[in-house]
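Trainee: Return atomic coordinates for the entry below.
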Amino acid sequence: MAKSFTDTARFFYIGVSAFFMAAFLFFAAAPAAAQDKGGGRLVIGITQFPSTMNPIIDSMVAKSYVLGAVHRPVTAYNHDWQSFCMMCTELPSFENGRAEEITRDDGTKTIRAHYTLRDDLKWGDGMAVTTRDVMFTWEVGRHPMTGASNFDLFAKEIADIEVLDDHNFIIELDEVKCEFASINDFKLLPAHLERPVFEQDPATYKDRTLYDADPLNAGLYNGPYRITRVEPGASFTLEKNPHWAGKKPHFDRIVIRIIENSAALGTNLLSGDIDYIAGELGLMVDEAIGLERRLERMRRGQYKVLYETGLSYEHIDIHLDNPRWRDVRMRRALLKGINRDAISEKLFGGRQPVAHVNTHPMDEIYHEGVRQYAFDPEKAGALLDAAGWRLGADGIRRNADGERLQFTLMTTSGNRTRELVQQAVQSDWRRIGVETRLRNETARVLFGETVRKREFSDGVMYAWMSAPRNIPRTTLHSTMIPEQENNWAGQNYPGFRHEEADRVLDDLRRVCEEDKNRALWHRIQDIYAEELPALPLYYRANSYIMPKWLKGVRPTGHQDPTTLWIEEWKREP
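Mentor: Numbering: from 1, shown residues only. Below is the predicted model:
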């Protein structure tokens, strides 16, 4: 699961290191002018501050959203859910001659894919984007101590890269794969700036990257905007990148304000302190519906609200290294003990339906016949009894050693909707004899430290946002468990270890015949539903709350943010 956690390490979590925060305190460009010229200023509100701005370390929607405006990936998914080139000229394929299947000397087969970088690409300091950046990014990503989110892509999937010239390179894959052209997580790093930092000590590079230590350095960015001001935990200010060769953006300045309290986010929109609440990291559906009613009363005709369903699901990761939760009966009991239908109907008016697995029904590979867990407190209790946890006189279960059945449930603080869901889960679990403690942290602490280092004791609630037909390898494969030895690379935060799941995830990449491939998709979803490394809660809808004069914002429905097309945004009467 960034995703997003949804999660390419094609998952982003929807939710900062101490050095990152401390370093940012020293950087600020000149304050914004009282009156913007040209396209003026757009102020956007989101709820989370990223743990890092380095493009290949950590997967957070917050980082993805900001980077979308200032840093472009080589490839991405468009609004039609098709992969396309952003920094390259053409996706490699067998039909266009840019891809070929070869046989190595040892008899194994693989694919070589030829990419050409656009010749007008420049970093924000005027330096050309070249294959030197490609090779450096690969070097950083595959180093075992860097902690790259999609370490698998850099260290395993890419067997070799051959540089032809400053703009052309050939990627040789480790094996033949069904979908090989997309390299969405291959987000280039500027070698002329980052190489000295990396070479000083790869193991601590993630704590010293210039994206955090010197975030106003224009050379870090290659998009239509660059970051010119950072207020730690509070805001980013973006201004036009003079070296951007694409379509010129309309707005002179973009301010992205981080307002972690969702109620305060709505208040800031009503007061005019922000113009737009981004759907990627804004209000949950129930809060958006309430704000929409207030806008209709107080700002009639001035705003529009878009409710867009996408490849995102809310869930509770279970820490499987905790002996208490290794027994699958315990996890099944917890899920049967949550009245998810009531949460969907009472909190969201049915707009966010119950999730049964980590794959969204909108995705073409969704398995309709996957196992489902209806709300059934009686059966949940029977499962807990069978696992050795008996109900006590005080209504709390205990095992043979007299230990109370307790569960600490964590999520992002300040998110009113998640806090209400927490309370609903707490109440439901109390009925089956589970004592639930609620403990919340700010997103930058929860995702930057607690989840990334697997420091939660029982469970953590958040959302994954993913790409179409995303193979959940980074979130489910046993080699993707973050550990100190791999510098916390990977996104398998529950610590799920399952030999068959590993085989299916591996086969999904190389078994291309449609019927066999679909059978594998069904099997990995069945394993997820049977084993429950996480408890699926509901499929999320995003709410985009914007003034009617803001045009060009187009939700994608997947993990790639609207800001990847920010140059299309404009102000119209």
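Trainee: residues of stretch 194-209 that come out buried?
Mentor: 194-195, 197-198, 202, 205-209 (16 or more other Cβ atoms under 10 Å). Placement of C-beta: from N, CA and C, glycine included.
Trainee: roughly how far is it from the heart of the chain?
Mentor: Taking Cα atoms, centre = their mean, to the nearest Å, one finds stretch 194-209 lying 24 Å from the centre of the chain it belongs to.
Trainee: next one: stretch 448-455
Mentor: Between the centre of stretch 448-455 and the centre of its chain there are 15 Å (Cα atoms, centre = their mean).
Trainee: Distance across that stretch, terminal residue to terminal residue?
Mentor: Start-to-end span of stretch 448-455 (Cα to Cα, to the nearest Å) is 11 Å.
Trainee: From the buried residues of stretch 194-209, which land in strands?
Mentor: Assignment to strands by DSSP state E places none of the buried residues of stretch 194-209 there.
Trainee: Show me which of these is closest to L505.
Mentor: If you rank the buried residues of stretch 194-209 by distance to L505 using Cβ to Cβ, K206 comes first, at 25.7 Å.
Trainee: what about the closest one, distance to V163?
Mentor: Distance from K206 to V163, counting by Cβ to Cβ, to the nearest Å: 26 Å.
Trainee: what's the answer for F198, then?
Mentor: 19 Å.
Trainee: try W569
Mentor: 36 Å.
Trainee: what about these two, which has more around it?
Mentor: Between W569 and V163, counted using other Cβ atoms under 10 Å, the more crowded position is W569 (22 against 14).
Trainee: Between all of the buried residues of stretch 194-209, which two are separated the most?
Mentor: R195 and D207 (16.6 Å).
Trainee: show me where pLDDT drops low in the chain?
Mentor: Low-confidence segments of the chain (pLDDT under 70): 1-38.
Trainee: Give the burial count for R98, as a bare number.
Mentor: R98: 19 surrounding residues under other Cβ under 10 Å.
Trainee: okay but it is in contact with A113, surely?
Mentor: Yes - the criterion here is Cβ atoms under 8 Å, and R98 meets it with A113 at 6.5 Å.
Trainee: Quick check: neighbours shared by those two?
Mentor: Here R98 and A113 have P92 as joint contacts, going by Cβ atoms under 8 Å, 6 or more residues apart in numbering.
Trainee: related to what we said a few turns ago, quick one: which of the buried residues of stretch 194-209 is nearest V43?
Mentor: Comparing those against V43 with Cβ to Cβ places T209 closest, at 27.5 Å.
Trainee: residue contacts, G369?
Mentor: Under the criterion of Cβ under 8 Å, 6+ apart, the neighbours of G369 are H522.
Trainee: Could you pull out the buried residues of the longest strand belonging to the chain?
Mentor: Using DSSP E, we find that the single longest strand of the chain is strand 303-318. In terms of neighbour count (16+ other Cβ under 10 Å), strand 303-318 has its buried residues at 303, 305, 307, 309-318.
Trainee: how about a markdown table for the residues you listed, with distance to A541 added?
Mentor: Output for the buried residues of strand 303-318, formatted as a markdown table (distance: Cβ to Cβ, whole Å):
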| residue | distance to A541 |
| --- | --- |
| Y303 | 18 |
| V305 | 11 |
| Y307 | 5 |
| T309 | 5 |
| G310 | 7 |
| L311 | 11 |
| S312 | 8 |
| Y313 | 11 |
| E314 | 11 |
| H315 | 15 |
| I316 | 19 |
| D317 | 21 |
| I318 | 25 |
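Trainee: which among the residues you listed gets closest to N241?
Mentor: Distances from N241 to those, taken by Cβ to Cβ, are shortest for G310, at 28.2 Å.
Trainee: Correct me if wrong: the closest one contacts N542.
Mentor: Yes - if you go by Cβ under 8 Å, G310 and N542 touch, sitting 6.0 Å apart.
Trainee: And the nearest residue to R351 once chain neighbours are set aside, its phi and psi?
Mentor: Nearest residue to R351, sequence neighbours excluded (Cβ to Cβ, 6 or more residues apart in numbering): V285, at 4.9 Å. V285 adopts backbone torsions of phi -60, psi -40, taken as degrees, to the nearest 10.
Trainee: Touching, V285 and F348? I think so.
Mentor: Yes - the pair V285 / F348 is scored as a contact, 4.9 Å apart, by Cβ under 8 Å.
Trainee: Between these two, which contacts overlap?
Mentor: Listed as contacting both V285 and F348 by Cβ under 8 Å, 6+ apart are A541.
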